[in-house]
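**Q** Return atomic coordinates for the entry below.
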Amino acid sequence: MKLLYKLVALLVVLAMLGVGIMFSLQNEELVPLDVLVYQFSPRSVSFWVLAALVAGGVLGVLASTSILLRQRGALASSNRQLTRARAEVDRLRTAGLKDGE
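**A** I've put the predicted structure just below:
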């Protein structure tokens, strides 16, 4: 099953690479990018589009990583509270059994 997963992942990566190469070859017109205070030198349209795609992907990964880390911290805190609560319940049950004897 792992081999099949790796094979499918490899095929997807190769397909994405092929589409990216074809996109780059079809969009060679040079255009400058002007971002309010700075004007970048002219590059191909495909460069700007692929750079925006990569930047968006990186920012998405960073955003989701920060959310995941925050959620893992909250889960760890909840697990610690649950452990303390269970220990307290066990202590109270043990104390109640001793009193009932």
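
**Q** From residue 8, how far out is residue 2?
**A** Separation of residue 2 from residue 8 (C-beta to C-beta, to the nearest Å): 11 Å. All C-beta spots, glycine's among them, are computed from the backbone N, C-alpha and C.

**Q** Compare neighbour counts for these two and give me the winner.
**A** Under the neighbour definition other C-beta atoms under 10 Å, residue 2 and residue 8 were set side by side, and residue 8 has more, 10 against 6.

**Q** how close does the more buried one get to residue 18?
**A** Look at residue 8 and residue 18: by C-beta to C-beta, they are 16 Å apart.

**Q** contacting residues around the residue nearest the centre of the chain?
**A** Relative to the mean C-alpha position of the chain, the nearest C-alpha, by C-alpha atoms, centre = their mean, is the one of residue 61, at 3.7 Å. Not one residue lies near residue 61 by C-beta atoms under 8 Å, 6 or more residues apart in numbering.

**Q** my read is it is in a helix, agree?
**A** Yes: counting by DSSP: H, G, I helix; E, B strand; the rest coil, residue 61 falls inside a helix.

**Q** Renumber starting at 11 from here on
**A** With the count now opening at 11, the last piece we talked about shows up as residue 71.

**Q** And the pLDDT at it?
**A** With respect to pLDDT, residue 71 scores 95.
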